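Undergrad: need a structure here:
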Amino acid sequence: MEINQLLGNSIFTKVLFFSALAIAAGDFLATLFTIVYQRYWYNRVMKPKFGDNFSPKCSIFVPCKGIPKDLGNNLKGFLKQDYADYEVVFVVESEKDPAVPTIKSIMEGNANVKLAIAGLSTTCAQKNYNLLAALRCASDSEVYVFADSDICPDGKWLKEIIMPLADSRVTVTSGFRWLNAPKGTIGELTHSYVNVFMYVLFSVACFFGGVGLWGGSMAIRKKDFDELEVAQKWSRTVVDDMSLSQIVMKKSRKAVLIPPCITHTDDLLQTVRGTVTWFERQIMFLKAYQKPLWFFLAMPISLVVLALILLLPVSIIASMSAGKTFLGIGGGAALVFYIGELLTVSLYPFLGSMRKFPKFLILQPYMRLAQLLSCFRTLMTNTITWAGIKYKLDFSGDVASIERPGTDC
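TA: Presented below is the predicted three-dimensional model:
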């Protein structure tokens, strides 16, 4: 078979072919890089340079809302760190939050734990507002660590996540999470797929661009936090991690992703619709705080990927009914894309445990479509819905108005 046959009969099919080649190669190489970084590069090359003598006083801030799966065990994990000098500040929106009794029971007998009550936000995301309230309760610590209540850190999590901050050139560090799908339903696998996809992107972005932060595990020196005016930024924005990434990128600072701080959980979204809504929010954060990346990279690639996914069935049907050849219609581009995606996803087990993996492979095109739907839903809105609260943003990403359930403004 000649290469010209694979390219198809028109300029359109030729463009799609080379686009498919570029996207498939990019996805594969990014995943391969993440495997090397996670399994070798960080531990063997980067980590020894930081040393293990950095042990400043730390404050861990954990915003809580409701009762996610295993909340009690998760919160206890923050109190069992193999680290001498640290405190934990849990924070909730209201004293009536269902998480409060669990938090108070865990606080008993622990002198290094505090509970902050934030109240209702009027100018920023409720999570940001909670974190700002927690910061006001903090002791005089050298390092601030931010974490979500739905992760269960192991005993070395704190030491690992602050370790790179021993290097003054590193401004912020980040972990991530790995989702294990216990039931292997379509909903769980879709959430798992999108999460792995994000992890790969974050790994590459963090290493090469100094961005790619996840608010579920994040650390920064207090000196840098104050110097970069992060609190002021959070007081008017709709998310903590992506807005901090924006600052880090603008100031040409360095961020490091910490593979030992990848926390595993089986608390997954159970429906495809839930994953679409969740990932839409992640893309909206990108749109708000990394607008050029959203407009010039994420959206064009999403359009091309959609065309390539649909091109395979269209080419098959047209070749059987319209008297045209499969390759001439553009089937070659579709095959390159599908094979490339299959090879990429085949690498995922090298990153972490993958349950129901044969089913995962078969569903990959469908799961990619769900991901694309999330992207396209961000085109016509500037409103982000998070935990039932609607935040309307202005062009700069600042919160213009907040609408809570049962209210008009």
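
Undergrad: Might you report the residue contacts of Val256?
TA: By Cβ atoms under 8 Å, 6 or more residues apart in numbering, the contact list for Val256 reads Met46, Pro164, Val170, Val172, Thr173, Ser174, Cys206. Where C-beta positions appear, they are placed from N, C-alpha and C, glycine not excepted.

Undergrad: how much space is there between the last one and Lys250?
TA: Applying Cβ to Cβ, to the nearest Å, one obtains 16 Å for the distance of Cys206 from Lys250.

Undergrad: got the domain boundaries for this structure?
TA: 3-25+293-403, 37-291 (automatic domain parsing).

Undergrad: got TSV for those, with distance to Thr31 and mean pLDDT too?
TA: As requested, the domains of the chain are exported to TSV (distance: least, Cβ to Cβ, whole Å; pLDDT from 0 to 100):
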stretch	distance to Thr31	mean pLDDT
domain 3-25+293-403	5	89
domain 37-291	5	95
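
Undergrad: among those domains, which is the most enclosed?
TA: domain 37-291 (a mean of 19; mean count of other Cβ atoms under 10 Å).

Undergrad: mind checking the end-to-end distance for that domain?
TA: In domain 37-291, first residue to last residue: 28 Å (Cα to Cα, to the nearest Å).

Undergrad: for the residue nearest to Gln38 when sequence neighbours are not counted, helix, strand, or coil?
TA: Spatial nearest neighbour of Gln38, excluding adjacent residues (Cβ to Cβ, 6 or more residues apart in numbering): Pro259 at 4.4 Å. Three-state assignment for Pro259 (DSSP: H, G, I helix; E, B strand; the rest coil): strand.

Undergrad: Trp157 versus Pro259, what's the distance?
TA: Pro259 sits 12 Å away from Trp157, going by Cβ to Cβ.

Undergrad: likewise Pro292?
TA: Distance, Pro292 to Trp157, by Cβ to Cβ: 34 Å.

Undergrad: what does Tyr338 give?
TA: Using Cβ to Cβ, Tyr338 is found at 39 Å from Trp157.

Undergrad: how about the strands in the stretch 201-350 of the chain?
TA: With DSSP state E, counting those that start in this stretch, the ranges of strands along the stretch 201-350 of the chain come out as 217-221, 254-265.

Undergrad: Save those as TSV, and put in distance to Ala22 too.
TA: As requested, these are exported to TSV (distance: least, Cβ to Cβ, whole Å):
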stretch	distance to Ala22
strand 217-221	32
strand 254-265	25
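
Undergrad: Out of those strands, which gets nearest to Lys80?
TA: For Lys80, the closest of these is strand 254-265, at 13.8 Å, according to Cβ to Cβ.

Undergrad: Taking strand 217-221 as reference, get the angle to that closest one.
TA: 150 degrees (axes from the mean of the first three to the mean of the last three Cα atoms, to 10 degrees).

Undergrad: and strand 254-265, which strands flank it?
TA: If you go by DSSP bridges, strand 254-265 pairs up with strand 170-179 (parallel).

Undergrad: Hmm, Gly184 and Lys356 touching each other?
TA: Yes - Lys356 is in contact with Gly184 according to Cβ atoms under 8 Å; the separation is 3.2 Å.
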